[in-house]
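Asker: Take a look and give me a structure for this.
(one chain, ligands or ions: 2)
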Amino acid sequence: MFQSSWRLCSALLQRDAPGLRRRPGPGPGRRCQSSPAAATRRPASPRLLAAASGAPAPGPSAACPMGNGTSRLYSALTKTLNSSAASQYLESPDPEHLEPIDPKELLEECRAVLHTRPPRFQRDFVDLRTDGPSSHPLIRVMQWNILAQALGEGKDNFAQCPLEALKWEERKCLILEEILAYQPDILCLQEVDHYFDTFQPLLSRLGYQGTFFPKPWSPCLDVEHNNGPDGCALFFLQNRFKLLHSANIRLTAMRLKTNQVAIAQTLECTESGRQLCIAVTHLKARTGWEQLRSAQGCDLLRNLQNITQGAKIPLIVCGDFNAEPTEEVYKHFASSSLNLSSAYKLLSADGQSEPPYTTWKIRTSGECRHTLDYIWYSKHALSVRSALDLLTEEQIGPNRLPSFHYPSDHLSLVCDFSFNEDPDALL
Ligand SMILES: NC(=O)C1=CN([C@@H]2O[C@H](COP(=O)(O)OP(=O)(O)OC[C@H]3O[C@@H](n4cnc5c(N)ncnc54)[C@H](OP(=O)(O)O)[C@@H]3O)[C@@H](O)[C@H]2O)C=CC1
Ligand SMILES: [Mg+2]
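Answerer: Numbering: from 1, shown residues only. Ligands and ions are numbered 1, 2, ... in the order given. This is a model prediction of the structure:
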């Protein structure tokens, strides 16, 4: 049922999608699946979106306050619980009990809410295959720091982004539209502070199983009318994977617990029976904290060594590492015995360089253009078949991100992976 709904949605999106893109490097460029082009926006009454938040349906441009009673209670609870104690309250409700949503209908509702906004930008998938088609089905992975609502409105100090562009009732539709456009099999998110009232209820009805792990002392909680702590969220399509093992990890540095977290899950692919470990993290931000990030990265790698049984299970790690490729934590990942490679390097002409930016914003302190977000993968066990190109500087525009066009200061990264043919090959 979900599969047919996704196909319907896919057909709708593909019909709008004439864009093609060639690999920039010396290799042969091929036609590749492309993303949806600008969609027509027209008003309608949002039924599914309103049901997700438990609120009455707002008008297309109605602004809603950020918190409600439940989320404030949750926020208060998490302020008093440590992360391990809190995690027992964070299990998703059984999605079997929720009515499925037609993704096409949800997409139409999002577009209706967004009818006064400019159309979304075209981004194309770049074909990165070096060999023929794989007999294994592709696994699409999306990595995205979606920008916590409380941080965007209360802490990030975006100098050129009008508060109007950050209104949650519209921004959430831009986020959902992006997820619906690319239809990932696995979705890794950071800065999620609307898990329980938005993403979990909607995505579970689209066939995803979700897990949320909040930061122990989320800076969101300092913002008035916050919607609870932000954290990492990991979703996978239940008709494609079975969950074998799940770990919520509070990252340590020099054996001390830190405020940063990760989720790591071992999945079994329904079609092939092969196992895959997927992890999501958001490392400590800001300059001056390079050593802490480095230690957090080492701790995550240590955990992943155990979870992958010494690199026996192929691994994908998605995250906002808050670190440029020159930083130590990046080097730890690039040289780890887990044999990881960073997927977005493959978009460069020589296949060796990270993109020039994955986040681009103007804060009151100045313009910040950085490469901080990565999708790491087991380079011997997995192949990147294609990757979604970044927004161009022209698309991002002079006021940078977030904007009326794009909901976060970080770009989404999307890759299609396949298992390499020889399951016994060195990982
Ligand atoms: N109540 C308590 O007892 C405690 C509260 N805290 C709270 O937690 C906060 C620190 O948490 P921590 O997890 O270490 O936070 P981080 O330093 O990791 O940053 C938190 C968020 O701020 C964003 N950010 C990065 N740079 C800037 C900037 N220059 N200006 C504004 N925002 C920025 C980051 O976004 P991105 O990743 O996109 O760059 C990130 O999501 C404290 O400020 C405090 O509010 C912490 C400890 C105890
Ligand atoms: Mg941020």
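Asker: which parts of stretch 347-361 are buried?
Answerer: Using 16 or more other Cβ atoms under 10 Å as the test for burial, stretch 347-361 gives Leu347, Gly351, Glu354, Pro355, Tyr357, Thr358, Thr359, Trp360, Lys361. Any C-beta I mention is one placed from the backbone N, CA and C, and that applies to glycine too.
Asker: now stretch 134-145
Answerer: Buried residues in stretch 134-145, defined by neighbour count with 16+ other Cβ under 10 Å: Ser134, His136, Leu138, Ile139, Arg140, Val141, Met142, Gln143, Trp144, Asn145.
Asker: circling back: just curious, which of the buried residues of stretch 347-361 is nearest to Thr270?
Answerer: Using Cβ to Cβ, Leu347 comes nearest to Thr270 of these, at 29.6 Å.
Asker: Pretty sure the closest one sits against Val126.
Answerer: Yes - using Cβ atoms under 8 Å, Leu347 is in contact with Val126, at 5.9 Å.
Asker: Point to the residue nearest the middle of this protein.
Answerer: What sits nearest the mean C-alpha location of the chain, by Cα atoms, centre = their mean, is Trp144, with 2.9 Å.
Asker: Make TSV from the buried residues of stretch 134-145 and add pLDDT and distance to ligand 1 to it.
Answerer: Formatted as TSV, the buried residues of stretch 134-145 follow (pLDDT from 0 to 100; distance: Cβ to the nearest ligand atom, whole Å):
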residue	pLDDT	distance to ligand 1
Ser134	71	34
His136	77	34
Leu138	97	29
Ile139	98	26
Arg140	98	23
Val141	99	20
Met142	99	17
Gln143	99	13
Trp144	99	11
Asn145	99	5
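Asker: Wait, Asn406 touches Leu391, no?
Answerer: Actually, residue 406 is Tyr rather than Asn. Yes - at 7.0 Å, Tyr406 counts as touching Leu391 under the criterion of Cβ under 8 Å.
Asker: still on that earlier bit, can you flag which of the buried residues of stretch 347-361 belong to strands?
Answerer: Of the buried residues of stretch 347-361, the ones assigned to strands by DSSP state E are Thr359, Trp360, Lys361.
Asker: Reformat those into TSV and put distance to Thr287 next to each item.
Answerer: Below are these laid out as TSV (distance: Cβ to Cβ, whole Å):
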residue	distance to Thr287
Thr359	14
Trp360	17
Lys361	15
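Asker: Distance check, Ala234 against Arg363.
Answerer: One thing to correct before we go on: residue 234 is Leu, not Ala. Leu234 sits 29 Å away from Arg363, going by Cβ to Cβ, to the nearest Å.
Asker: neighbour count winner among the two?
Answerer: More crowded of Leu234 and Arg363, by other Cβ atoms under 10 Å: Leu234, with 26 against 15.
Asker: Residues of the stretch 301-427 of the chain that sit close to ligand 1?
Answerer: By Cβ under 6 Å from any ligand atom, the residues of the stretch 301-427 of the chain that approach ligand 1 are Asp320, Asn322, Arg363.
Asker: Now do the last one, the pLDDT please.
Answerer: Looking at Arg363, its pLDDT reads 96.
Asker: could you turn stretch 403-412 into CSV, dropping everything but the C-alphas?
Answerer: Taking C-alpha atoms only, stretch 403-412 is exported to CSV below (Å, rounded to 0.1, in the frame of the first residue of the first chain):
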residue,chain,number,x,y,z
SER,A,403,14.8,31.9,3.3
PHE,A,404,11.3,32.0,1.9
HIS,A,405,12.6,29.4,-0.6
TYR,A,406,14.4,27.0,1.7
PRO,A,407,13.6,26.1,5.3
SER,A,408,17.0,25.5,6.8
ASP,A,409,20.5,27.0,7.0
HIS,A,410,21.8,23.6,6.0
LEU,A,411,21.2,21.9,2.7
SER,A,412,19.8,18.4,2.5
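Asker: Please compute how far that stretch lies from its chain's middle.
Answerer: In terms of Cα atoms, centre = their mean, to the nearest Å, the gap separating the centre of stretch 403-412 from the centre of its chain is 12 Å.
Asker: buried ones in it?
Answerer: Ser403, Phe404, His405, Tyr406, Pro407, Ser408, Asp409, His410, Leu411, Ser412.
Asker: Narrow the buried residues of stretch 134-145 to those in strands?
Answerer: Judged by DSSP E, strands contain the following of these: Ile139, Arg140, Val141, Met142, Gln143, Trp144, Asn145.
Asker: Please state the backbone phi and psi of Phe241?
Answerer: phi -140, psi 150 (degrees, to the nearest 10).
Asker: Does it touch Thr266 like I think?
Answerer: No - using Cβ under 8 Å, Phe241 is not in contact with Thr266, being 9.7 Å away.
Asker: Now the common contact residues for those two.
Answerer: Leu276 (Cβ atoms under 8 Å, 6 or more residues apart in numbering).
Asker: a helix runs through Trp217, doesn't it?
Answerer: No - applying DSSP: H, G, I helix; E, B strand; the rest coil, one finds Trp217 to be coil, outside a helix.
Asker: Leaving out the residues flanking it, which one is nearest to it?
Answerer: In space, Trp217 comes closest to Asn259 once its chain neighbours are excluded; the distance is 5.1 Å by Cβ to Cβ, 6 or more residues apart in numbering.
Asker: wait, doesn't that neighbour sit right on Pro216?
Answerer: Yes - shown here, Asn259 and Pro216 form a contact pair, counting by Cβ under 8 Å, at 5.7 Å.
Asker: between those two, who's got more neighbours?
Answerer: More crowded of Asn259 and Pro216, by other Cβ under 10 Å: Pro216, with 20 against 15.
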